[in-house]
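Trainee: any chance you could fold what I've pasted below:
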Amino acid sequence: MYSIVSTAIIRGINSLPVQVEADVSDGMPMFEMVGFLASEVKEARERVRAALRNSGYYLPAKRITVNLSPANIKKTGSAFDLPVAAAILAALGIVPSERLTSMLIVGEIGLSGRVQPVEGILPIVAQADEHGFTQCMVPYENRQEAYLIQNIHIIAVKSISEMIAVLNGNTDQTAQHTSDSAAEAPSGQDKKRKNAKEPDFSQIHGQRLVRRASEVAAAGMHNLLMIGPPGAGKTMIAQRIPTILPPMCREEQLELARIYSVSGMLLHDYDNMRRRPFRSPHHTITPQGLTGGGTLPKPGEISLAHKGVLFLDELAEFQKSTLELLRQPLEDKHIQIVRLHGSCSYPADFMLVAATNPCPCGAYPDMNRCTCTQNAIDRYLGRISQPLLDRIDICVETSPLTFTELTCKTQNESSAQIRERVCKAWQIQKERYAGSGVYFNSQISADRLEQICMLTQKEESYLKNMYRQSGLTARAYHKILRVARTIADLSNSMPVTVSHLAEAFCYRSLDRRYWERR
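Mentor: Predicted coordinates for the structure are as follows:
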């Protein structure tokens with residue numbers, strides 16, 4: 001007898017349909033699996049055989065052939081166990097084949113017959129809905145993740161015996177679709193976070209310039225670099241930038257959830273899809289860890305920071321070759337991973353926030369305290385290339401806190417107050433760029449800058465003088481215009497004035513102080 005079951009395989013943050021064909025015929029007893037399979041997929045043969053036996057179903061002494069098509073796509077992962085078992089059971093007549101025609105099945109099974117959770121359920125269920133399936137059978141522990149997709153009936157099973165009972169209609173255990181209730185229910189980690197004090201800009205003392213620069217950066221999704229001595233609050237400020245970003249809409253949440261799903265980071269922790277991400281990798285991270293990849297490609301830190309903040313602390317301590325990999329994703333907002341058996345694309349639309357000491361000891365340019373030689377300073381700052389600096393819109397300096405600033409009892413402005421202004425600036429940009437494919441001022445193309453900034457002769461004359469005096473590059477000139485447009489939006493000003501341009505220029509002058517002389 002012959003049967004066919006539909007399943008899927010993850011590619012990037014999407015899935016590709018796969019058909020599991022099973023044929024049971026007379027001949028020499030054997031169980032063979034074909035279809036360009038990785039080793040973990042081939043091992044499904046032994047897992048399925050033992051799981052069926054321990055569930056009370058013995059394979060007959062017949063020739064069993066299982067094919068996973070299309071054969072030109074390499075099959076990886078353990079999520080094929082359950083569909084392989086379902087296809088064999090249907091070929092043996094234990095479950096009706098007609099129940100499987102509109103159903104997609106995915107899951108791993110243990111030797112006892114228990115169905116184990118797998119990674120990537122969210123994109124698989126989403127693609128199942130798009131391909132016209134009306135039902136999706138998933139592991140019970142993945143049910144909340146699957147519920148995030150509407151318009152498809154989810155059947156969550158705990159064991160092979162339960163799957164057989166469901167397919168034969170002998171049980172009422174069919175998971176009811178609860179829409180987003182799973183994501184809305186507080187988890188254990190949520191409760192811990194509620195009990196802990198949330199980071200807030202009101203906890204930041206002093207550093208008025210950096211606070212203002214952070215607000216401008218968040219309002220236009222501009223990349224930000226902070227330079228200053230240790231203990232000046234660079235890390236604290238970076239950790240609070242996500243708190244002034246507007247909440248994510250449902251589309252952004254689902255896109256981010258897909259990334260975390262294929263990374264195996266969504267299971268039991270749905271706070272990952274409700275909050276703007278904040279990723280802070282250590283400076284020893286590998287290129288694959290930052291951009292993604294591996295034998296079985298997985299998203300890297302730049303993709304896990306999608307729609308949020310990627311914070312690189314001690315920027316000059318990162319390997320220069322690793323930092324250079326950021327240049328293309330910062331421009332294209334996605335990363336393409338190419339491997340022998342195919343390629344996949346991961347989104348990487350993040351806000352880069354970086355912090356670095358000005359020298360190895362951290363005291364430069366205070367030469368009374370700095371113990372570094374000039375060559376040591378040059379080597380240290382030389383790890384950050386000019387092309388990467390050109391992709392950073394705002395550069396500000398943090399200074400050591402005075403005792404008065406540190407012990408000040410005045411109530412600082414909270415994240416909620418700053419976020420209110422940032423939300424208004426985002427709304428202005430949303431209306432301005434509606435339907436253009438551009439969402440933020442940081443993404444304005446060079447040919448539209450002057451039209452959108454609406455410069456008068458006075459502003460053009462100011463820019464001309466500053467361009468000549470400062471020796472700006474064309475890219476830096478465009479960055480200043482984009483930042484000035486954001487500053488104007490925060491001021492609810494239609495035209496960009498000289499004061500907006502002057503503030504934007506201040507955010508580009510500091511990096512020249514440290515790097516131009518080299």
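
Trainee: what sits against the closest residue to Thr356 other than its chain neighbours?
Mentor: Computed as C-beta to C-beta, 6 or more residues apart in numbering, the closest residue to Thr356 that is not its neighbour in sequence is Leu315, at 4.1 Å. Where you see a C-beta, it was placed from the backbone N, CA and C, and this is true even at glycine. Neighbour list for Leu315: 225, 283, 323, 354-356, 384 [criterion: C-beta atoms under 8 Å, 6 or more residues apart in numbering].

Trainee: tell me the contacts of Tyr433?
Mentor: Per C-beta under 8 Å, 6+ apart, neighbours of Tyr433: 439-440.

Trainee: do Arg45 as well
Mentor: Neighbour list for Arg45: 31-33, 66 [criterion: C-beta under 8 Å, 6+ apart].

Trainee: do that again at 6 Å, thanks
Mentor: 31, 33 (C-beta atoms under 6 Å, 6 or more residues apart in numbering).

Trainee: do the same with the one 10 residues further on
Mentor: Applying C-beta under 6 Å, 6+ apart, we find Ser55 in contact with 113, 160-161.

Trainee: between the residues you listed, which has the most around it?
Mentor: In terms of neighbours by other C-beta atoms under 10 Å, the contacts of Ser55 top out with Ile160 at 27 neighbours.

Trainee: just checking: what are the partner strands of the host helix or strand of Glu21?
Mentor: Assigned by DSSP states H and E, Glu21 belongs to strand 14-25. Partners of strand 14-25 in the sheet, by DSSP bridges, are strand 2-11 (antiparallel), strand 63-69 (antiparallel).

Trainee: lowest-confidence helix or strand of this structure?
Mentor: Within the chain, no helix or strand scores below helix 181-184, which has a mean of 44 by mean pLDDT, DSSP states H and E.

Trainee: quick one: which of the contacts of Ser55 sit in helices?
Mentor: Using DSSP state H, the members of the contacts of Ser55 that fall in helices are 160-161.

Trainee: pLDDT and distance to Ala8 added to the contacts of Ser55, as a markdown table?
Mentor: Formatted as a markdown table, the contacts of Ser55 follow (pLDDT from 0 to 100; distance: C-beta to C-beta, whole Å):
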| residue | pLDDT | distance to Ala8 |
| --- | --- | --- |
| Gly113 | 95 | 23 |
| Ile160 | 95 | 20 |
| Ser161 | 94 | 24 |
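
Trainee: run through this structure and note the low-pLDDT ranges.
Mentor: Applying pLDDT under 70 to the chain picks out residues 172-197, 268-272, 340-342, 509-518.

Trainee: roughly how far apart are the residue nearest the centre of it and Pro123?
Mentor: Nearest to the mean C-alpha position of the chain, counting by C-alpha atoms, centre = their mean, stands Leu304 at 2.8 Å. Counting by C-beta to C-beta, to the nearest Å, the gap from Leu304 to Pro123 is 15 Å.

Trainee: phi, psi for the residue lying closest to Leu89 once chain neighbours are set aside please.
Mentor: Nearest non-adjacent residue to Leu89, counting by C-beta to C-beta, 6+ apart: Val95, 4.8 Å away. Per-residue torsions, Val95: phi -120, psi 150 (degrees, to the nearest 10).

Trainee: show the contacting residues for Val95.
Mentor: Counted by C-beta under 6 Å, 6+ apart, Val95 has contacts 89, 164, 167-168.

Trainee: distance to Ser461 for the contacts of Ser55 - can I get that in JSON lines?
Mentor: As requested, these are exported to JSON lines (distance: C-beta to C-beta, whole Å):
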{"residue": "Gly113", "distance to Ser461": "79"}
{"residue": "Ile160", "distance to Ser461": "77"}
{"residue": "Ser161", "distance to Ser461": "80"}
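
Trainee: how many neighbours does Ser345 have?
Mentor: What Ser345 shows, counting by other C-beta under 10 Å, is a neighbour count of 17.

Trainee: show me what the helix or strand that it is a member of is packed against.
Mentor: Following DSSP H and E, one finds Ser345 within strand 342-347. Contacts defined by 3 or more C-beta pairs under 6 Å, 6 or more residues apart in numbering; DSSP states H and E place strand 342-347 against strand 334-339.

Trainee: thank you kindly, that will do.
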